[in-house]
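> Just need the structure, nothing else, for what follows:
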Amino acid sequence: MVAPLRSAAMLCAMTAAACALTTIAPASARALDANTITSPSGANHCHWYGSIPHARIPEAGVVCTSTAGPRAGWAVVLTETGRSWKGYAAHRWLFQAGPRLAYGRAVRAAGIVCRSTTSGLTCTNSATRGGIFVSKQRHERW
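So this is what the prediction gives:
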């Protein structure tokens with residue numbers, strides 16, 4: 001089951017920039033009250049953000065990180081246009097825990113679906129099929 005994030009405004013908590021995340025799942029799906037989700041283990045987090053012009057990120061998307069294991073401190077990013085990349089996560093807000101997303105559950109915003117599995121968190125752009133994966137052991141993008 002795919003649950004939406006409650007409001008587009010919650011997705012813009014990181015910056016004052018205009019938020020480009022406006023596609024929210026149907027009202028019949030369960031809503032979350034935060035713009036960050038956490039894996040049941042607590043080791044992995046995904047955070048939705050608005051465009052960040054000063055960081056040369058013109059489109060909205062999701063950034064996922066690990067707080068444990070050999071990949072702690074590194075992040076993978078997936079934008080609403082399907083671009084993805086890896087990098088070191090210097091911002092403290094990336095490591096803040098959000099509601100736990102039970103294994104087998106998913107959330108959707110801005111055309112990006114993030115699903116929790118026992119192996120980690122996977123986010124996929126619905127239009128481009130590009131995606132990212134984050135776990136304590138590895139981070140991937142495609």
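
> State the number of residues packed around G69.
When neighbours are counted by other C-beta atoms under 10 Å, G69 registers 12. Any C-beta I mention is one placed from the backbone N, CA and C, and that applies to glycine too.

> For it, which non-adjacent residue is spatially closest?
The shortest distance from G69 to any residue other than its chain neighbours is 2.9 Å, reached at K136 (C-beta to C-beta, 6 or more residues apart in numbering).

> Sticking with that neighbour, tell me its helix or strand.
When secondary structure is defined using DSSP states H and E, no element contains K136, which sits outside every helix and strand.

> residue contacts, it?
Contacts here follow C-beta atoms under 8 Å, 6 or more residues apart in numbering; on that basis K136 touches 41, 43-44, 66, 68-72, 120.

> From V63, how far off is G50?
Separation of G50 from V63 (C-beta to C-beta, to the nearest Å) stands at 12 Å.

> again, but for W142
Taken as C-beta to C-beta, the span from W142 to V63 is 16 Å.

> Show me which of these two is the more surrounded one.
When W142 is set against V63 and neighbours are counted by other C-beta under 10 Å, the residue ahead is V63, at 26 against 10.
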